[in-house]
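Q: this is a predicted model, with the sequence first.
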Amino acid sequence: MSDGRISPAEAHAKMANEGFTYVDVRTPGEFEGGRPQGSVNVPLDERFVASMRERFAADAKIIVGCGSGPRSARAAKALAAAGYTSVLENHAGWDGTRGTFGELIEPGWRRLGLPVDQ
């Protein structure tokens, strides 16, 4: 976890025990189709950092996640560059990390059966 990347199970534990907020950076349509329980939707678009500044202080405890990892990695980098100091990334996202040929490498939040909102 030293690089700020955590698993879905670690993300769930940090939300439950350490007061982290899960920020789902997927589109509103993806978010409406299912999401980690208690998460908030701030899509990764051209207003992402501005939207985050409207909702969260720079020292807020934040976990960013997406569908499978790439968007949340970009979101975490953008937040760090904007001065956010406590950002972690759920690297397997909602569905899971996939390999070069589309094979599931690590299951995401949904596949692990962690609590969800619909």
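A: Right, received. Where do you want to start?

Q: packing partners for the helix or strand where residue 64 lies?
A: In the assignment (DSSP states H and E), residue 64 maps to strand 62-65. If contacts are counted by 3 or more CB pairs under 8 Å, 6 or more residues apart in numbering; DSSP states H and E, strand 62-65 sits against helix 8-18, strand 21-24, helix 70-81, strand 87-90. Quick note: C-beta positions are derived from backbone N, CA and C, even for glycine.

Q: how about the ones you listed in CSV, adding mean pLDDT, mean neighbour count and distance to residue 97?
A: CSV is the format used below for the helices and strands packed on strand 62-65 (pLDDT from 0 to 100; neighbours: other CB atoms under 10 Å; distance: least, CB to CB, whole Å):
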stretch, mean pLDDT, mean neighbour count, distance to residue 97
helix 8-18, 98, 17, 10
strand 21-24, 98, 24, 16
helix 70-81, 97, 18, 10
strand 87-90, 98, 25, 10
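
Q: reformat these as CSV; add distance to residue 53.
A: CSV is the format used below for those (distance: least, CB to CB, whole Å):
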stretch, distance to residue 53
helix 8-18, 22
strand 21-24, 13
helix 70-81, 10
strand 87-90, 13
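
Q: residue 115: neighbour count?
A: By other CB atoms under 10 Å, 11 other residues sit near residue 115.

Q: now do residue 63 against residue 104, distance only.
A: 21 Å (CB to CB, to the nearest Å).

Q: more neighbours, those two?
A: More crowded of residue 63 and residue 104, by other CB under 10 Å: residue 63, with 27 against 14.

Q: the more buried one and residue 13 touch, don't they?
A: No: look at residue 63 against residue 13 with CB atoms under 8 Å: they stay out of range, at 10.5 Å.

Q: the residue lying farthest from the centre of the chain: helix or strand, and which one exactly?
A: Of all residues in the chain, residue 101 has its C-alpha farthest from the mean position, at 23.5 Å, by CA atoms, centre = their mean. Under the assignment given by DSSP H and E, residue 101 is not contained in any helix or strand.

Q: repeat for the one 10 residues further on
A: Secondary-structure element containing residue 111, defined by DSSP H and E: none, the residue being outside all helices and strands.

Q: so how far is residue 110 from the residue found closest to it once you drop the neighbours it is linked to in the chain?
A: Leaving aside its sequence neighbours, residue 111 sits nearest to residue 96 (CB to CB, 6 or more residues apart in numbering; 5.4 Å). Distance from residue 96 to residue 110, counting by CB to CB: 8 Å.

Q: thank you kindly, that will do.
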